[in-house]
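Asker: Here is my input; please provide its structure:
(chains A and B)
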Amino acid sequence: MNSYILGLISIYYLAFLFIVAYQAEQKSKRDKSIVSNANIYALSLAVYCTAWTFYGSVGRAATDGLDFLTVYIGPTLVMFLAIPILLKIIRICKTQRLTSIADFISSRYGKNRSLGVLVTIICLLSGIPYIALQLKAISNSFGILTKSLQNNNILTDHTFYIVIILILFTILFGTRNVEATERHEGMVAAIATESIIKLIAFLAIGIYVTYWLFDGFEDIFSKANIIHAAKQNFVLDKDSGMSKWFWHTFLAMMAFMFLPRQFQVAVVENVDEKYINRAMWLFPLYMLLINIFVMPITLAGEIIFGDKAMNSDLYVLSIPLNYSDEFLAIITYIGGFSAATGMIIVETIAISVMVSNNLLMPIFLGIPASKEIINLNPSQVIQYMRRLAIALIIFLGYLYFKFITEKYSLVSIGMTAFVVVAQFAPSVLGGIFWKRGTQKGAMIGLIGGTVIWFFTLIIPSLVSSGVLSEAIMTNGLFGNSLLKPYELFGMQGMDNISHATFWTLFFNTALYFFCSLCTKPTSIEHNQAVLFVDVFHYSKGIENSVAWRGKALVSDLKSLLESFLGSNRTERIIRVFATRNNVNMQNRYADARFVNYSEKLLAGIVGTASARMMVSSVSKEEDISLDEVVAILKKSQELMEVNKELKQKSQELKQLTEQLQAANEQLLLTDKLKDDFLATVTHEIRTPLTSIKALSEILYDNDDLEHEERQHFLSTIIKESDRLSRLINQVLDLEKLESGKVRVLSETIDLQEIIEDSVETIEQLAKEKGVKIKKIIDKNLPVFNGDKDRMMQVMLNLLSNALKFTEAQKGSITITAYVEDNNLYVNVIDDGSGISKDYQELIFDKFYQAHDQTIRKPKGSGLGLAISKRIIELHNGKIWVESKVNKGSKFSFTIPINT
Amino acid sequence: MNIQKNIKVLIVDDEPNILLSLEFLMKKEGFIVFIARDGEEAFDIIKREHPKIVLLDIMMPKVDGYEVCKFIKQNKDSAETKVIFLSAKSKEADIEKGYSVGADLYIPKPFSTRDLVKKVNMMASGVVA
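Answerer: Numbering: from 1, shown residues only, chains lettered A, B, ... in the order given. Next up is the predicted model:
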């Protein structure tokens, strides 16, 4: 295949990743983070599967059989067994604003700068070969696809250009936010995407090999059975098999927790601790899926290529190429490419933060002239520092790949890196569970372990590449046979990696414990130790648990923060801090908590050690004794317990208050209804009163009125007086009904009789107005129990309303009555002016609906309908109206009848 | 009979019997009197006739008196019109609300006819701002 095309594909792929990352960043700016998602978190953990997994698993399976599985069993076990440890580390990092494993260890042991430097160096020792390993995979796969040879001239080497692009990409997404605790959302989104791509690619090649080239698992396994070499793959070595499995699995567990890139995605980029619950099963599932076809592909490779010398690391590519399936080969290439780039990006970002915070920044701050530069634009200085670190790391990886890795398989480089990373185990695990662990212990343990690592794994590789003489291997260092790199202190029968793991961790752990017990922790060490070990006690009140006594000017701290965070953010932070902790920031000297908080904020940007230096540069510290530290911490814990009790008490109080409030509201509502009623009634009474008063005054003042006019005014006064007394009667009547003082009599009622009686009563009025009344009443209406007079009142009210609103001489009123579904139905239908929809419910209401209601009910309705409604309800019935303006109204009520 | 030539007074109320007395009183003072039975009718007359004084009820069907007053005071053409609320709502809060929507005077019902006439006359002659 043309190398330009493949190069283009690679570049397109990176551009695609760039878009994914960019989109994620944009979304998170708009507060719609897609990275705040448990699935994305679990997928980002799969950055663990690098090109080593993608190509190397098959390679390792071909040489060592099932051993390759240990690398994946380890993390799976972590997910099942070590979740509490992971959670504790996450919580510590969040509360202390730690951004890397170097920060973690140096912060735990008294914010010690040299420890940070040491951890950074160890990370570089593991990281650079590991990055080189990825570049090797990219280069090899590129080479085999384009059938081009390795090229020693850098300028014509395709890998070199990929490296340049990778550096740019990593810089773009690693250094956008200065504060390293601010997560790299774009990067995480890109990594999760890569995890999906590499999984799909690997499954594709697996399915292709297993089901296309062969007839499934059974077919491959039975064919492979014939080949002796393949059989070996399933046999555990009798002597070292078990210990090898144990050590390798253990190693993978440590690596999964402490590799810089794993620490980055699992801890630093973690958005929510709860995501672990999802990752707990999703990540092991991912591991299972990506491994399921490793054995079939390995065996297939052995069957297909047989004795031909073929690099088993590249079986996944050579198999499709052997059958000229270029498309599948490209998919595989992209899978491997994504696995490699994912690892490089995350690892580089993780290590670059350490390098810039722990190596470059402290050195830079030590230069006298640096203060002026940094005051100009501190965040830019940090940014450049970090960019420089990124370029440096990837380029070192490239050089390592170019000049050293050629001779080693993917696996050996990877395992060597694992062993050195495992050196963090004693100081990290000891640090979070054992308060007695000290700075000296951690330091000496780490150095010891690393030295042994160098001796047992690096020296042999230097020997085999011819840098050192073979004598060390056979005779031991200085001719001492106890000091052979592969057989330290005469220990035999272990593979190199297990051997190295055992001895490095043996010395590391022993030195850590021994030196810790021999030295006394300083007050700051003890402070940090308690904060780390008891993080779940302190994480909430962290700002209060400060063992620091000294003097720092608020203004100094403020300007320090301003230069890193900008003045707006600083103002905001100070305001929030002051309100939350009830601190007066107007004081000249800063509160100890604020000093501590400032330091932590700065630590998020420049790392623990540098932040310490900066804060101490503006403050005068006094030493405090260990006892005082303990006392302060104890006090803050007691305070927290008191707090908890108070919280519970106030919770109870709150509940009580709520109940009281509800009761009060009910009372208020009843009260309000009464008020509304009173207001309505007052208004209704005032209206006729106004007319009566005005007209009487007119009559009094105007003797010269025409006789007709006088008569008109007088008759209006009489009508309005009637209205007034009717209203008063209705109010009293309604009040009686509402209060339940009135007992509804239980008489046998014949509805027909009621209707006839009421019509008779009103007939005379109707005749005068020229309105006809029609009755359509079913025969044999059943009787029911109720109050005769009250039912009569309802009928009369409905009829007189109907009469009032029908047109004189033209109108008619129809009454119908019938039984349906055990209910008596009565309708009073008129063809009068009708009621608009807005008032249809209002007219039965004795109140105006809303408090501020100023829209009036149609006049004349008075309280009659409200009274009728109450009466019907007392008979367990319902009353309602259907009406159209200018078409008439139909008032209906029903009464249930007991059969 | 005082002569208040050409001064237009609009009376807005939904109670025919109150209209009856108010109409009599205003006509007697020599005003040109217009009658509206609800807010919507009032809008039309205000737009058409530009009355100098409006006697306004609050509780009415469709559009209430507050809305009518707001309409009058917010409209350039009618902003000069004097508004007197005549309402049975007589709580302090009601009166306050009446003034807050721009009323010139608030007279609770039932009112004294002599007092009302005096105040309308003062307003018509511009004594009361």
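Asker: wait, what's in contact with the residue nearest the centre of chain A?
Answerer: Centrality entry for chain A: nearest residue to the mean C-alpha point is A:Ser36, 4.4 Å, by CA atoms, centre = their mean. Neighbour list for A:Ser36: A:271-272 [criterion: CB atoms under 8 Å, 6 or more residues apart in numbering or on different chains]. For the C-beta atoms, the positions are set from N, CA and C on the backbone; glycine is no exception.
Asker: next one: the one 5 residues further on
Answerer: Contacts of A:Tyr41 were listed using CB under 8 Å, 6+ apart, and they are A:35, A:188, A:269-271, A:275, A:278-279.
Asker: Determine the set of other helices and strands touching the lowest-mean-pLDDT helix or strand in chain B.
Answerer: Least confident helix or strand, chain B: helix B:92-100 with a mean of 87, by mean pLDDT, DSSP states H and E. With contacts taken as 3 or more CB pairs under 8 Å, 6 or more residues apart in numbering or on different chains; DSSP states H and E, helix B:92-100 sits against helix B:65-74, strand B:82-87, strand B:105-108.
Asker: which parts of it are buried?
Answerer: For helix B:92-100, burial by neighbour count (16 or more other CB atoms under 10 Å in any protein chain shown) applies to B:94-95, B:97-98.
Asker: Which among the helices and strands packed on helix B:92-100 is found nearest to A:Ile220?
Answerer: helix B:65-74 (86.7 Å; CB to CB).
Asker: which residues of chain A fall in strands?
Answerer: Taking DSSP state E, the strands of chain A run over residues A:483-484, A:487-488, A:549-552, A:619-622, A:747-749, A:772-777, A:784-786, A:812-820, A:823-830, A:878-884, A:888-896.
Asker: Including mean pLDDT, could those strands go into JSON lines?
Answerer: Shown next, in JSON lines, are those (pLDDT from 0 to 100):
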{"stretch": "strand A:483-484", "mean pLDDT": "74"}
{"stretch": "strand A:487-488", "mean pLDDT": "72"}
{"stretch": "strand A:549-552", "mean pLDDT": "60"}
{"stretch": "strand A:619-622", "mean pLDDT": "56"}
{"stretch": "strand A:747-749", "mean pLDDT": "85"}
{"stretch": "strand A:772-777", "mean pLDDT": "90"}
{"stretch": "strand A:784-786", "mean pLDDT": "86"}
{"stretch": "strand A:812-820", "mean pLDDT": "91"}
{"stretch": "strand A:823-830", "mean pLDDT": "92"}
{"stretch": "strand A:878-884", "mean pLDDT": "90"}
{"stretch": "strand A:888-896", "mean pLDDT": "91"}
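Asker: okay, these in TSV with mean neighbour count and distance to A:Ala592 next?
Answerer: Formatted as TSV, these follow (neighbours: other CB atoms under 10 Å in any protein chain shown; distance: least, CB to CB, whole Å):
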stretch	mean neighbour count	distance to A:Ala592
strand A:483-484	19	52
strand A:487-488	20	49
strand A:549-552	17	7
strand A:619-622	13	10
strand A:747-749	15	87
strand A:772-777	13	93
strand A:784-786	19	82
strand A:812-820	17	83
strand A:823-830	21	80
strand A:878-884	17	73
strand A:888-896	21	78
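Asker: Nearest to A:Thr193 among these would be which one?
Answerer: Using CB to CB, the nearest of these to A:Thr193 is strand A:487-488, at 44.2 Å.
Asker: which residues touch the closest one?
Answerer: In contact with strand A:487-488 (CB under 8 Å, 6+ apart) are residues A:452, A:455-456, A:482, A:499, A:503.
Asker: Tabulate these in JSON lines, adding columns for neighbour count, distance to B:Asn75 and pLDDT.
Answerer: Output for the contacts of strand A:487-488, formatted as JSON lines (neighbours: other CB atoms under 10 Å in any protein chain shown; distance: CB to CB, whole Å; pLDDT from 0 to 100):
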{"residue": "A:Ile452", "neighbour count": "22", "distance to B:Asn75": "94", "pLDDT": "90"}
{"residue": "A:Phe455", "neighbour count": "19", "distance to B:Asn75": "97", "pLDDT": "86"}
{"residue": "A:Thr456", "neighbour count": "24", "distance to B:Asn75": "96", "pLDDT": "86"}
{"residue": "A:Leu482", "neighbour count": "11", "distance to B:Asn75": "108", "pLDDT": "71"}
{"residue": "A:His499", "neighbour count": "24", "distance to B:Asn75": "98", "pLDDT": "86"}
{"residue": "A:Trp503", "neighbour count": "20", "distance to B:Asn75": "96", "pLDDT": "89"}
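Asker: contacting residues for A:Lys223?
Answerer: A:214, A:299, A:303.
Asker: quick one: contacts for the nearest residue to A:Asp789 once chain neighbours are set aside?
Answerer: Nearest in space to A:Asp789, with sequence neighbours left out and distances taken as CB to CB, 6 or more residues apart in numbering or on different chains, is A:Leu745 at 7.8 Å. For A:Leu745, the contacting residues are A:786-790, by CB under 8 Å, 6+ apart.
Asker: returning to what we had before: so of the helices and strands packed on helix B:92-100, which one's packed in deepest?
Answerer: Of the helices and strands packed on helix B:92-100, the one with the most neighbours on average (mean count of other CB atoms under 10 Å in any protein chain shown) is strand B:82-87, at a mean of 24.
Asker: between that strand and helix B:92-100, how big is the angle?
Answerer: 160 degrees (axes from the mean of the first three to the mean of the last three CA atoms, to 10 degrees).
Asker: now the helices and strands packed on helix B:92-100 as CSV including distance to A:Ala224 and mean pLDDT?
Answerer: Formatted as CSV, these follow (distance: least, CB to CB, whole Å; pLDDT from 0 to 100):
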stretch, distance to A:Ala224, mean pLDDT
helix B:65-74, 92, 91
strand B:82-87, 101, 93
strand B:105-108, 103, 91
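Asker: before we move on, back to that, filter the contacts of A:Leu745 down to the buried ones, ChimeraX style.
Answerer: Typed into ChimeraX, the line below selects the buried ones among the contacts of A:Leu745, using 16+ other CB under 10 Å:
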select /A:786,787,790
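Asker: quick one, helices of chain B?
Answerer: B:16-28, B:39-49, B:65-74, B:92-100, B:113-124 (DSSP state H).
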